[in-house]
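Visitor: predicted model and sequence below, questions to follow.
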Amino acid sequence: MTLKSSRFTLFSLTAIFTITALIVSCASAPEVPEGTTLAEAYENHFPIGAAVAAGEYSFDSFARYSDALLGEFNSLTAENAMKPAILQPKKGEFNWIPADKIVAYAVDHNMRLRGHTLVWHNQTADWMFTDSGTQDEQRAKAMDSLRDHIAAVMTRYKGKVTSWDVVNEVVADSPGDSPYRTDSPWYQAYGGIGYVREAFEMARAADPDALLFYNDYSMIDPGKRQRVLDMIDELGLVRDGLIDGVGLQAHWGLSYPDRTTLRDAVRDFREAGLRVEITELDIICDEWDQELLADRYENLFTWLRELSDDIDGVTFWGVADDHTWLTDFHGFTNYPFLFDTEGNRKDAHRRVIQAA
Ligand code: G3I
């Protein structure tokens, strides 16, 4: 047998073995039973959540979506109902109705609840501040208002809302004059970033059993992530046991972040002693790119499953394509989720189930 013919024999034997192994592996891949929900598929990895509304801005997820569709998830977040502007629009005047409806549904259906959010520059309540007086007087007014608000809200939902986005989006998007969002009414009333620590102290006092998170977008970017880590370190939030984790908002695209970028972000926060949740997942996508969306979600959930020892939850910022903030924000109709405008499973859903 010449060298050439023996090489051919070896190559063909290798090819036969490889193809056989592939056939066997595909055949042996456990078929996911028809009808498996997202929560079931990922029950050994992390909770799968969705942001819901209860009529606080005319849209009501519970009127719009079936229990079967909502049953795909085992965790809920209030898209708007638990924000100060909705909950306490005027001092002492609470609008508990939409938030209570979300809490009641989650309790009735044994779903986890994430609270969103106690301190944000958006959708806050004007009465919490005063634009007159000294800096000390403005700081005192804002902190007294916040302390009362946090105590009232976290006491009401203690034992039901088990984690809170205490503070949302206070770090600057780019390294300008300040690492912080200085146009925030909270920053201006306080005269600096110290309100963030005070908010976590108030939340820890209000419900010592709740997990307390800092939530923000673009923390996948190393620069913003470092500014967040520097703030957490500067304020001693981990050192003094005031924070439990960070929420990566995950308003992502069809190609960014990639696996390495995601893995690095999770690693950095875990090494800082912080829990990590994906808190507001949606993928910016128009109706023509749905096959790309399916590919993207399969890859994303493969990576998230690989990181599941370091991820405590994955929450979509909505349920189905009929209701997403992305459309208003980007000015074109977005189809970002795993369920179409009628609440039917898209191919992306099947691919995410397979990725489990
Ligand atoms: O639908 C009503 C409309 O009937 C009414 O005429 C109009 C009057 O203003 O309001 C409409 O409601 C809008 C609502 O979205 C619709 O869901 C509100 O104006 C609008 O303020 C609200 O925007 C919310 C946005 O936060 C506010 O900044 C989005 O729902 C909500 O998804 C979005 O969520 C934020 C997170 O809390 C933090 N991370 C970023 C994320 C996206 O901005």
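Guide: Here it is on my side, so go on. Residues are numbered from 1 along each chain as shown.
Visitor: Asp183: how many residues sit nearby?
Guide: 9 (other C-beta atoms under 10 Å). (Glycine included, C-beta is placed from N, CA and C.)
Visitor: was I right to think it contacts His121?
Guide: Yes. Assessed by C-beta atoms under 8 Å, Asp183 is found in contact with His121 at 7.1 Å.
Visitor: pLDDT at Phe200, what is it?
Guide: You'll see Phe200 listed with a pLDDT of 98.
Visitor: ok, now the one 5 residues further on?
Guide: Note on Ala205: pLDDT of 98.
Visitor: same for the helix or strand containing it, what does it pack against?
Guide: According to DSSP states H and E, Ala205 maps onto helix 194-206. Applying 3 or more C-beta pairs under 8 Å, 6 or more residues apart in numbering; DSSP states H and E, one finds that helix 194-206 contacts strand 112-119, helix 135-156, strand 163-168, helix 185-190, strand 211-216.
Visitor: can these go into a markdown table with extra columns for distance to Asp177 and mean neighbour count?
Guide: As requested, the helices and strands packed on helix 194-206 are arranged in a markdown table below (distance: least, C-beta to C-beta, whole Å; neighbours: other C-beta atoms under 10 Å):
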| stretch | distance to Asp177 | mean neighbour count |
| --- | --- | --- |
| strand 112-119 | 22 | 25 |
| helix 135-156 | 19 | 17 |
| strand 163-168 | 21 | 26 |
| helix 185-190 | 13 | 21 |
| strand 211-216 | 19 | 25 |
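Visitor: and these as CSV, adding distance to the ligand?
Guide: CSV is the format used below for the helices and strands packed on helix 194-206 (distance: least, C-beta to the nearest ligand atom, whole Å):
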stretch, distance to the ligand
strand 112-119, 6
helix 135-156, 15
strand 163-168, 6
helix 185-190, 14
strand 211-216, 7
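Visitor: nearest to Asp321, out of those?
Guide: strand 112-119 (21.2 Å; C-beta to C-beta).
Visitor: next, the angle from that closest one to helix 135-156.
Guide: Angle of strand 112-119 versus helix 135-156, following axes from the mean of the first three to the mean of the last three C-alpha atoms, to 10 degrees, is 170 degrees.
Visitor: following the helix or strand bottoming out on mean pLDDT in the chain, which helix or strand shows up next?
Guide: Within the chain, no helix or strand scores below helix 3-28, which has a mean of 53 by mean pLDDT, DSSP states H and E. Using DSSP H and E, the next helix or strand after helix 3-28 towards the C-terminus is helix 38-41.
Visitor: so who does the closest residue to Val170 other than its chain neighbours touch?
Guide: By the measure of C-beta to C-beta, 6 or more residues apart in numbering, the closest residue to Val170 outside its immediate chain neighbours is Arg181, 5.4 Å from it. Residues counted as contacts of Arg181 (C-beta atoms under 8 Å, 6 or more residues apart in numbering) are 121, 169-172, 187.
Visitor: quick one on the thing from earlier: the helix holding Ala205: how far from the chain's middle?
Guide: The chain centroid and the centroid of helix 194-206 are separated by 21 Å under C-alpha atoms, centre = their mean, to the nearest Å.
Visitor: list the buried residues for it?
Guide: In terms of neighbour count (16 or more other C-beta atoms under 10 Å), helix 194-206 has its buried residues at 195-204, 206.
Visitor: got a list of contacts for it?
Guide: The contact list for helix 194-206 (C-beta under 8 Å, 6+ apart) reads 118-119, 139, 142-143, 146-147, 150-151, 154-155, 158, 164, 166-167, 170, 186-187, 189-190, 210, 212, 214, 231, 235-237, 241-243.
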